[in-house]
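Trainee: got a predicted model here, sequence first, then my questions.
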Amino acid sequence: MYSARLIIYNNHMETHRKTVKAAAMKLAVILGRRIGDHKIVDDRDVLVGLAGDESHCEPVTPDLAVRVASRDDVVATLEEALRLGVPVTPRGGGTGKVGGAIPVCGGLVLDTTRLDQMLEIDPGNLTAVVEPGMINAHFQDEVEREGLFYPPDPNSLENCCLGGNVAHNAGGPRAFKYGVTREYVLGLELALMGGGVIQTGGRTIKTVAGYDLTRLLVGSEGTLGVFSKLVLRLVRKPPHIATLLVRFADEIAAGKAVSRIIEKGIVPRVMEFMDEVLVETLRMSGAGSVPADTKSLILAELDGASEELVDHDVERFADAVEAEGAVDVLMARHVGERNRLWEARRGLSDAVKKRSSFKVAEDVVVPRSRAADLLSGLRELAEKHQVVCASYGHAGDGNYHVNLLWDDEQWDPEPAVEDIFRLTLDLDGSITGEHGVGLAKKKYLGWEKSPRQLSLQSNIKQLFDPKGLMNPGKIFT
């Protein structure tokens, strides 16, 4: 009976895929007339390049791609896609870690990377208006030239797009002090499936007029619509920064040091943790000279309005980590040293990837006071599953990137991943801190959210997208 059902299901899916492909071919002709043939991509080799992202999820080649360059392009695409029943997968830089940009149902990839203009910087109101395809690092460079500062800095900031950051509520090292992307989105322009456009929020810091749709859309992973404009909040650029590297002889001591720093009311803008496996990986990659007695590292930054205030915070920080057994505290003496430290940190993911044949990376988050419990639990799980487990991440906000590394192609990572999520939830944490749910984690969402919550969220999705064409297959099973 089960085999018969599976055959029927597979036949149904094959028929559905053929129907979608035929509709996508019609869509290509219609959109070519409406927005220009040069924006339509149907070359197989190019489409293969739009099939995946930086997750371990299986790539799926779309039937078609549209490289939009204006809001009108987005509106026309969504209008015709709904009329013809073509699934639409929005895509920015393709740097996501959970399969959010993979067109699992085929259809059309809506590429926003040409929608990349800075529209306005307003120093008086500390705001900027920008298109969603702009690269995060380029945006930061432009606002900093005006003496302003945009804190969200995901590890992929040189390649990721602001629209994708908003869609996944991206975090980054500076989230401990400044918060995640959500805190910097004042308003959005959203194109809906079918071609309608809504404006949410605005340019004011405060508003309580009706439901806060802006906050709903931040983190919605492209399942409710496509951003065509972002209104972002800025802050003044802090003039003084101190960058510190702290060595520990034990990674559990480093976790306890994080808790002590928080208890003392010290608020670094960055507090990045690296465990023993990561320290060893740094040595192997040649990213820096790390003494043999180092088992864990914390990379921290403190900033402020005056050098005296920053120096005072540095002294308090050093006292706190030394009380938990820090081997030493080193301070970057100039910009070159600071940049080298950050190059090593941002290169960790690639360095880890080169260490083994296979890798699965999860981003879990626990209350900051449970950091040491998470680290000791991960050590036990690595022993239980006989796998290398390398952890690093944003210790200041409890968000850790847990990497499973192995070489035996027969080894199945899923039982270990499940145990990591169970440990995290037992510590009152969450299965994702900044990467999102996408494809990779949707089967586990019910472990964290109640059936009633999932039903409410699914109903919201249906209100925005009644036919289920907007980034289908993501978040919900």
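Mentor: Sure, I can see it.
Trainee: touching the helix or strand hosting residue 164 from outside, list them.
Mentor: Using DSSP states H and E, residue 164 maps to helix 162-167. Helix 162-167 is touched from outside by 90, 92-93, 95-96, 100-101, 112, 115, 130-136, 139, 152, 154, 170, 181, 185, 188, 217-222, 227, 230, 232, 436, with contacts defined as CB atoms under 8 Å, 6 or more residues apart in numbering. C-beta coordinates here come from the backbone N, C-alpha and C atoms, glycine included.
Trainee: of these, buried ones?
Mentor: By neighbour count, with 16 or more other CB atoms under 10 Å, the contacts of helix 162-167 hold 90, 92-93, 95-96, 100-101, 112, 115, 130-136, 139, 152, 154, 170, 181, 185, 188, 217-222, 227, 230, 232, 436 as buried.
Trainee: ok, residue 90 to residue 458 distance?
Mentor: Separation of residue 90 from residue 458 (CB to CB, to the nearest Å): 19 Å.
Trainee: give me the subset of the contacts of helix 162-167 lying in strands.
Mentor: Among the contacts of helix 162-167, the ones falling in strands (DSSP state E) are 90, 130, 185, 188, 227, 230, 232.
Trainee: what does the pLDDT read for the fourth one?
Mentor: Right, the one you point to is residue 188. Listed pLDDT for residue 188 reads 98.
Trainee: please name the nearest non-neighbouring residue to it.
Mentor: residue 200 (4.9 Å; CB to CB, 6 or more residues apart in numbering).
Trainee: so who does that neighbour touch?
Mentor: Residues in contact with residue 200 (CB under 8 Å, 6+ apart) are 187, 188, 190, 213, 214, 217.
Trainee: same thing but at 10 Å, please
Mentor: 185-190, 210-218, 231 (CB atoms under 10 Å, 6 or more residues apart in numbering).
Trainee: show the buried residues in the residues you listed.
Mentor: By neighbour count, with 16+ other CB under 10 Å, these hold 185, 186, 187, 188, 189, 190, 213, 214, 217, 218, 231 as buried.
Trainee: quickly name whichever of these is closest to residue 204.
Mentor: residue 186 (7.3 Å; CB to CB).
Trainee: surely the closest one is in contact with residue 233?
Mentor: Yes. Using CB atoms under 10 Å, residue 186 makes contact with residue 233 at a distance of 5.3 Å.
Trainee: joint contacts of the two?
Mentor: By the contact definition CB under 10 Å, 6+ apart, residue 186 and residue 233 are jointly contacted by 125, 126, 127, 128, 203, 205.
Trainee: what's the farthest-apart pair in the residues you listed?
Mentor: Largest separation among those by CB to CB: 128 and 205, giving 14.1 Å.
Trainee: between these two, who's got more neighbours?
Mentor: residue 128 (26 against 10; other CB atoms under 10 Å).
Trainee: contact partners of the one helix or strand the more buried one maps to?
Mentor: Assigned by DSSP H and E, residue 128 belongs to strand 127-130. The contact list for strand 127-130, computed with CB under 10 Å, 6+ apart, reads 115-122, 134, 138-139, 142-143, 146, 148, 150, 162-163, 184, 186-187, 189, 202-205, 229-234.
Trainee: if we go to 8 Å?
Mentor: 117-122, 139, 143, 148, 150, 162, 186, 203, 229-234.
Trainee: where do the helices sit along the stretch 101-250 of the chain?
Mentor: 136-144, 162-167, 175-178, 213-217 (DSSP state H, counting those that start in this stretch).
Trainee: what helix or strand does the spatially closest residue to residue 85 that is not a sequence neighbour sit in?
Mentor: Excluding its sequence neighbours, the residue lying closest to residue 85 (CB to CB, 6+ apart) is residue 23, at 5.6 Å. Applying DSSP H and E as the criterion places residue 23 in helix 2-35.
Trainee: okay, now the sheet partners of whatever helix or strand comes next after that helix, with direction.
Mentor: Following helix 2-35 in sequence order, the next helix or strand is strand 40-41 (DSSP H and E). Applying DSSP bridges to the sheet, strand 40-41 is found paired with strand 64-67 (antiparallel).
Trainee: dump the partner strand to PDB, restricted to CA.
Mentor: Provided in PDB are the C-alpha atoms of strand 64-67 (Å, rounded to 0.1, in the frame of the first residue of the first chain):
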ATOM      1  CA  LEU A  64      13.400  30.600 -15.200                       C
ATOM      2  CA  ALA A  65      15.000  33.600 -13.600                       C
ATOM      3  CA  VAL A  66      14.100  37.300 -13.700                       C
ATOM      4  CA  ARG A  67      16.800  39.900 -12.800                       C
END
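Trainee: begin at 48 from here
Mentor: Okay, using 48 as the starting number, the last item reads as strand 111-114.
Trainee: tell me the mean pLDDT over that strand?
Mentor: Average pLDDT, strand 111-114: 98.
Trainee: please state the offset of it from the chain centre?
Mentor: Computed by CA atoms, centre = their mean, to the nearest Å, the chain-centroid distance of strand 111-114 equals 23 Å.
Trainee: now stretch 166-174
Mentor: 25 Å.
Trainee: over to that stretch now: how far is its first residue from its last?
Mentor: One end of stretch 166-174 to the other measures 11 Å (CA to CA, to the nearest Å).
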